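In: how would this look folded up:
(chains A and B)
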Amino acid sequence: MRWTESLINTLWQAPSEAEISSHKLMLRAGLVKKLAAGIYIFMPLGLKVLRKIENIVREEMDASGALELLMPTLQPEQLWQETGRWDKMGKEMMKIQDRHKRQFGLGPTHEEIVTDVIRKEVKSYKQLPVTLYQIQTKFRDEIRPRFGVIRAREFTMKDAYSFDRDIDGLNKNYKKMREAYCKIFDRCALKYQIVEAESGIMGGDVSHEFMALADSGEDTIVLCPSCGYSASMEKAEGDKCPKCASRMKIKKGIELGHIFKLGTKYSESMGAEFLDKDGKKKTIVMGCYGIGISRIIAAVIEQNNDENGIIWPKSIAPYQVEILPVNVNDNETMQIAENLYKNFLSERIEVIIDDRNERPGIKFKDADLIGIPIRITISSQKAKDNIVEIHKRDTGENKLVKIDDLLENLRIYL
RNA sequence: CGGGGCGUAGCGCAGCUUGGUUUAGCGCGCCUGCCUUGGGAGCAGGAGGCCGGAGGUUCAAAUCCUCUCGCCCCGACCA
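Out: Below is the predicted model of the structure:
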């Protein structure tokens, strides 16, 4: 990508609406723009990051054996009446009417729909277990949208649902999902804590939250230093460990994901049953598993930034390498820069070249702000000796290398 | 929804108390030219606003009054 063709607009000062660093940086780097409270446009640079995360999630979900499908956002009232959640969800569900005055909800979650799918498709124990997932836009009319994409009213979520013959199967699937979640958050370079949680309106008895540790987080979690027990504040109801009674540490976090053992709450009310080996009708046992995809972006930035800007982990960086020619009016510089750019493209290295005719200071500041992991600076003096500089955004390490050795040196970091 | 605060150019802000001195201003950004090119340079010229909206008071409203819409922060909810 050429900067001059990228529609990347950075801001010197963060809009006053932003309070926490991830929100400020997302706006300053131009990843997102606000359309209304809790409603954001993902600009091209921001969308690249979102897609990277989606792909990681997709890969790990597929690896766990889950099947991807896509369910509608628009959901008929009747299904929600079956479980009683049409009223229970209350004002959090955005509701609309069609021209025939039929009521629809904009999906805040998809238990009703997916259970409807399964009760129609699954008849036999032979079809179980099965896990379905989707990556899709969700709508929740939050009481108070906040912190940019961290609590938005429209957001991208991965939601998965497991269907088993019995509790035993559910326990296995639950464990499998938990492991998949760990892989996902590890790959996103997040520091997180798994905590016992309340199930809330989802129902079921067991649930765990994956919390990104961040001082700016809205959620409070407690950790027991002696026995390792950890839970959300609501679940723990205090700072004494329920397991070993020692005093627990309190930390702040951002909820990235939440997994639930639902049991038969939905399958029972909606009649999702199957015929078991013995020819008897049984109720399907369910679990559900959510990840806030767009929220991950904010959490990663919250954990990876400095006074100059974002520091992307390479797994979700919008580009791996930024080429920064110090002076675009210098022929020698530009010849090298353009050659490298073409080279990287053919090597399938994700690269952006800052080909703007700006003074170096502006380009360096912007490079730091958008946080590409590796910067290659090309200046006229060093170009004479066929030398360029590699700069690592995370460590600040600088290295001068011969152009012929550049790719080799780069491979170490990519 | 309760409590607090804010809407003036793309972003950050001043002006409002005490209406007229404003053709509505400043910094950054944007456009043109010159100059400059290793950490947000300089000079000159320029574009961009129904001062959130609607009513009202007044000879006169960004400024005073009423209503309204939007946004942010603190609380309960959530990925």
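
In: And whatever helix or strand residue A:62 lives in, what's buried?
Out: Using DSSP states H and E, residue A:62 sits in helix A:44-63. The neighbour-count check on helix A:44-63 (16 or more other C-beta atoms under 10 Å) flags A:45-46, A:48-50, A:52-54, A:56-58, A:60-61 as buried. All C-beta spots, glycine's among them, are computed from the backbone N, C-alpha and C.

In: which helices and strands does it pack with?
Out: strand A:67-68, strand A:130-139, strand A:154-164, helix A:167-187, helix A:293-303 (3 or more C-beta pairs under 8 Å, 6 or more residues apart in numbering; DSSP states H and E).

In: Next, the residues that contact the longest one from outside, please.
Out: With C-beta atoms under 8 Å, 6 or more residues apart in numbering as the contact definition, helix A:167-187 has outside contacts at A:56-57, A:60-61, A:63-65, A:128-129, A:131, A:160, A:162, A:164, A:192, A:194, A:206, A:208, A:210, A:212, A:256-257, A:259, A:261, A:263, A:285-287, A:289, A:291, A:315.

In: OK, contacts around residue A:230?
Out: Neighbouring residues of residue A:230 by C-beta under 8 Å, 6+ apart: A:193-196, A:221-224.

In: any idea whether residue A:75 is helix, strand or coil?
Out: What DSSP: H, G, I helix; E, B strand; the rest coil gives for residue A:75 is strand.

In: bridging residues for it?
Out: Assessed by DSSP bridges, residue A:75 has beta-bridge partners residue A:105.

In: since we're on it, how many residues are nearby?
Out: Around residue A:75 there are 23 other residues, counting by other C-beta atoms under 10 Å.

In: cool, residue A:104 as well?
Out: Neighbour tally, residue A:104, other C-beta under 10 Å: 18.

In: again, but for residue A:113
Out: Applying other C-beta under 10 Å, we find 19 residues neighbouring residue A:113.

In: can you confirm it is in a strand?
Out: No - looking at residue A:113 with three-state DSSP, it is helix, so not inside a strand.

In: dump the residue contacts of it.
Out: Shown in contact with residue A:113 (C-beta under 8 Å, 6+ apart): A:71-72, A:75, A:79, A:107.

In: Pick out the residue in the stretch 101-250 of chain A sitting closest to RNA strand B.
Out: residue A:200 (2.4 Å; C-beta to the nearest atom of the strand).

In: per-residue confidence averaged over the strand or helix carrying residue A:343?
Out: With elements taken from DSSP H and E, the one containing residue A:343 is helix A:331-346. Within the predicted structure, the mean pLDDT of helix A:331-346 is 97.

In: on that earlier part again, identify whichever of the helices and strands packed on helix A:44-63 lies nearest to residue A:94.
Out: With C-beta to C-beta, the closest approach to residue A:94 among those belongs to strand A:130-139: 4.8 Å.
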